[in-house]
Each structure stands twice: as C-alpha cells, then as structure tokens.
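model the following, please.
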Amino acid sequence: MPSNLEIPQNRLILLGASNLTLSLRLAIDLMQQRLGAPSEVLAAVGHGRAYGIFSQAVWRGLPGIADCGLWQRLVALESCPAYALLTDIGNDILYGLLPEQILQSVERCVEPLQRQSAQIVVTGLPLASIECLSERRYTFFRNLFYPSCRLSWHETISRAWAVHDGLVEMAAHRKFILHEQRPEWFGLDGIHVNYWQRAAYYRAIVQQFPNSGEKLGLLESKRKFFPVWQQRPEFAFKTLAGRAVYCQQPSGLLADGSIICKY
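Model prediction:
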C-alpha cells in the first residue's frame, strides 16, 4: 500500500452479506458524507455470508463473520472514532442454524465493537417482505440461493421472528440502534435490496449514526461521484475449490485515501 496516505479520521466496520457486498462503495460513501473521511474500513462481507458458520458460494468459501480475522486486527489497532454497521442478518437461518445460535454469533460481534466504543447500528430482518412471499416463490428462491436448505416457509418465518425478537432484546440490553427495514426496499425474493432502492436504503441506515453538519457539507461539495477504487480489496482468507488463499491486509485503497481491510 502507498505510504503517503492521510491519517484516517475514523474507523468504519461493515459486516454483511450480498446486499452490503453489492453496495460496499455506496455504503462507505454515505457513511463518510455523514461521519468524515478518509477512513480505515474493516469489512467482513461476501455473497451468501453467514455470521456463525462457514459458508460457500459456488467454489468460494468464507469463515463465519464472528470467526473471521477482522476481530484480531480490531483488537490490535489504536483507538479512534469507530462506527459499525451489522446487516444482512438471516442467512444463517437458511443454513440451518437455530435462532439462539444466530443471536450468539451476532452478540460475539457486538461485544468487541463495544469494547472499542464503536457506535453500532444493526438492521433488522426484512420480515414484512419475506412474509409477502408466496410459498411457491419462497421455495423457488430457497432452492436457488440455498440448495441444501429444506426449511418450509412457515418454519423460516418462525425462526426469523425469533431472531427479530432476540435482536430487540439485545438492542435494549447492549444499547445499540436496531433499524427496522421497509418492505418496499426489497425485490422479488424478499431479501435482496432492489437496485433502484439501494441509495435510499443505505441513506436511511446511515442517518442512524450521529451527524456532523460541517463534515457533511464539506464532503457533499467535494464529491459528485462515489470514491473510486485505486486498489480493489481482496479477502484476507478464503477458500477456492477447497484451496486456502491468503492476502495481506489492508488490501484496498480508495481515491480519497481510505484504506480497506477485507475479511
């Protein structure tokens, strides 16, 4: 990585699956408009990513978010203003984990973030959009995205509500913000954010973080487009067709000087 980078103003910790993966630069940009830039970004993302179990998408495998290398790096870093977004909670249901197991994995992520005094926003499950799915449509998308899953629509909804209720209790106990999701943001499968709604979706989430009007105005005047990758981040660890692949971090760089660690 280049050595003449600006000192980051803050640390952004982004945890999620497909939705966050598809909108990573958008989420970073909107958070920086609200919180300042450049940033040190720690991201645990990936299509099909789970919080509490190793997951595989086609030939690529990734460890559960709660067990990835992000946490070792976070402990080793010096303290600075930190903001964490935990989203896409729910894949674990269709990988067969029970609600209590999923909630334990989420809490394992929240604990070290709070030790770093991070301000935390967690998105709830898109219950309304999932409940709108017909059983036939649910079965089609379940077989498409989670071919090994055999949970019925009713069992999936039941487990999703149990996770939701657990998150509500955890938010009250742990003092983080739980942001509820609007059904109109989601597409035909009920879980992926519609392409045309992504900006509104992440803007609503980012508004849950504290705002600095001065920083917001400064960045809005400078930025007309997303910050572009000068170097695209690579996973610190993944498997490809069963073979372990490692990459030193940070591995990504944005044009504004933000550095990205991807786990």
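
quickly find the element holding Ala199.
helix 198-206 (DSSP states H and E).

distance between that helix and the chain's centre?
How far helix 198-206 lies from its chain's middle: 13 Å, per Cα atoms, centre = their mean, to the nearest Å.

and stretch 113-131, which residues are buried?
Within stretch 113-131, the residues that qualify as buried are 113-114, 116, 118-127, 129-130, counting by 16 or more other Cβ atoms under 10 Å. Backbone N, C-alpha and C define where each C-beta goes, glycine included.

of those residues, which belong to helices?
113-114, 127, 129-130 (DSSP state H).

ok, of those residues, which one's closest to Val45?
Closest approach to Val45 among those (Cβ to Cβ): Leu113, at 16.0 Å.

surely Leu167 is in contact with Val106?
Yes: here Leu167 reaches Val106: they are 7.2 Å apart, a contact under Cβ atoms under 8 Å.

overlap in contacts, those two.
Both Leu167 and Val106 are in contact with 89, 122, where contact means Cβ atoms under 8 Å, 6 or more residues apart in numbering.

which parts of the stretch 151-263 of the chain are strands?
For the stretch 151-263 of the chain, strands defined by DSSP state E, counting those that start in this stretch occupy the ranges 177-179, 229-231, 237-240, 243-246, 252-254, 259-262.

which residues touch the first one?
This means strand 177-179. 120-124, 167-168, 171, 204-205, 208.

that strand - which strands sit beside it in the sheet, and in what orientation?
Strand pairing for strand 177-179, determined by DSSP bridges: strand 119-123 (parallel).

let me know the angle separating the strand it pairs with from helix 198-206.
Calculated by axes from the mean of the first three to the mean of the last three Cα atoms, to 10 degrees, strand 119-123 forms an angle of 130 degrees with helix 198-206.

looking at strand 119-123 now, give me its mean pLDDT.
The average pLDDT for strand 119-123 rounds to 98.
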